[in-house]
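Asker: Attaching a predicted model along with its sequence, questions to come.
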Amino acid sequence: MKKLLVATRNKGKAQEIKNLIGDFFDDVLTLLDFAENIHIIEDGKTFEENALKKAKSIYGLYRLPTLADDSGLEVDALGGRPGVYSARYAGDNATDEERIKKLLEELKDVPYEKRDAQFVCVLVFIDENGRVYQTKGVCRGKIGFEPRGENGFGYDPIFIPEGYSVTFAELETDEKNRISHRARAFEKLKMILGEIYNEDTGTERHPWNYL
Ligand SMILES: O=c1nc[nH]c2c1ncn2[C@H]1C[C@H](O)[C@@H](COP(=O)(O)OP(=O)(O)OP(=O)(O)O)O1
Ligand SMILES: [Mg+2]
């Protein structure tokens with residue numbers, strides 16, 4: 001019975017991770033399944049630092065295979081903000097709606113041509129032996145002028161991925177999970193998991209190729 005612990009409290013993110021992880025693990029648990037109220041302070045300056053901190057904190061407690069996802073939205077017109085502060089952009093206890101409202105307000109005078117942005121996802125995986133692996137995925141797009149769609153979570157209702165005219169929240173779950181920043185980071189992670197857990201792939205084990 002192979003377990004994976006996912007160091008997240010975000011329901012939407014947890015669901016996507018369960019859809020994206022594949023069948024390397026029999027059981028995928030998140031912090032939402034734990035009785036204890038584990039709280040990790042995300043004080044890193046980069047997605048990489050925060051993902052590593054989340055993964056190490058949980059691995060240190062349970063010594064089981066552990067995955068952390070640190071992600072966020074970088075808006076070109078704002079010099080990359082909110083970036084690593086995406087979750088806390090409108091204060092610690094704000095809702096997704098409040099974060100979206102604040103971002104739209106900040107961008108109210110920015111024309112469509114200048115509303116480029118990207119979602120970034122950094123995954124850190126620590127295996128049962130304590131080895132650390134990291135992957136990253138980026139998805140470019142535009143910030144819309146008003147929220148549209150009901151699917152997904154977070155900033156999905158205002159993010160229009162490149163090549164589309166609808167928001168992430170208007171896409172079917174499966175479609176978002178084919179093209180998102182998280183999907184791209186998972187494609188690389190799954191190559192690594194394939195090498196760690198299916199030794200018969202015949203490929204050499206050089207995880208740094210996937211950074
Ligand atoms: O696909 C996405 N679609 C919409 N919004 C997204 C996405 N991916 C990240 N985001 C937003 C949510 C949150 O405002 C921030 C991530 O912050 P981040 O610290 O990584 O996650 P979190 O605090 O919500 O949960 P946790 O740290 O427990 O995993 O970027
Ligand atoms: Mg967080």
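Answerer: Done, it's in. Residues are numbered from 1 along each chain as shown. Ligands and ions are numbered 1, 2, ... in the order given.
Asker: Provide the count of other residues in contact range of whichever residue of the chain sits closest to ligand 1.
Answerer: The chain approaches ligand 1 most closely through residue 154 (2.3 Å), counting by Cβ to the nearest ligand atom. Where you see a C-beta, it was placed from the backbone N, CA and C, and this is true even at glycine. When counting by other Cβ atoms under 10 Å, one arrives at 21 neighbours for residue 154.
Asker: same deal with residue 85?
Answerer: Counted with other Cβ under 10 Å, residue 85 comes out at 12.
Asker: Check what pLDDT residue 36 gets.
Answerer: As predicted, residue 36 sits at a pLDDT of 76.
Asker: could you say which helix or strand contains it?
Answerer: Following DSSP states H and E, there is no helix or strand that holds residue 36.
Asker: any low-confidence regions in this structure?
Answerer: Applying pLDDT under 70 to the chain flags the ranges 35, 199-211.
Asker: For the residue of the chain closest to ligand 1, give me its contacts.
Answerer: Neighbour list for residue 154: 10, 12-13, 73, 86, 96, 99 [criterion: Cβ atoms under 8 Å, 6 or more residues apart in numbering].
Asker: List the residues that contact residue 11.
Answerer: By Cβ under 8 Å, 6+ apart, the residues touching residue 11 are 32, 153.
Asker: sec struct for residue 121, please.
Answerer: strand (DSSP: H, G, I helix; E, B strand; the rest coil).
Asker: Make sure residue 98 is indeed in a helix.
Answerer: Yes - under three-state DSSP, residue 98 sits within a helix.
Asker: Tell me how many other residues surround it.
Answerer: 13.
Asker: How about the residues of the chain by ligand 1?
Answerer: 8-10, 13, 42, 69-73, 86-87, 119, 152-156, 168, 180, 182 (Cβ under 6 Å from any ligand atom).
Asker: from the residues you listed, which would you call buried?
Answerer: Burial by neighbour count, 16 or more other Cβ atoms under 10 Å: within these this picks out 8-10, 13, 42, 69-73, 86-87, 119, 152-156, 168, 180, 182.
Asker: quick one: which of these sit in strands?
Answerer: The strands, defined by DSSP state E, take in 69-73, 119 from these.
Asker: For burial, what's the neighbour tally of the closest residue to residue 102 other than its chain neighbours?
Answerer: Leaving aside its sequence neighbours, residue 102 sits nearest to residue 90 (Cβ to Cβ, 6 or more residues apart in numbering; 4.6 Å). Residue 90 has 19 neighbours, counted by other Cβ under 10 Å.
Asker: Great, nothing more from me.
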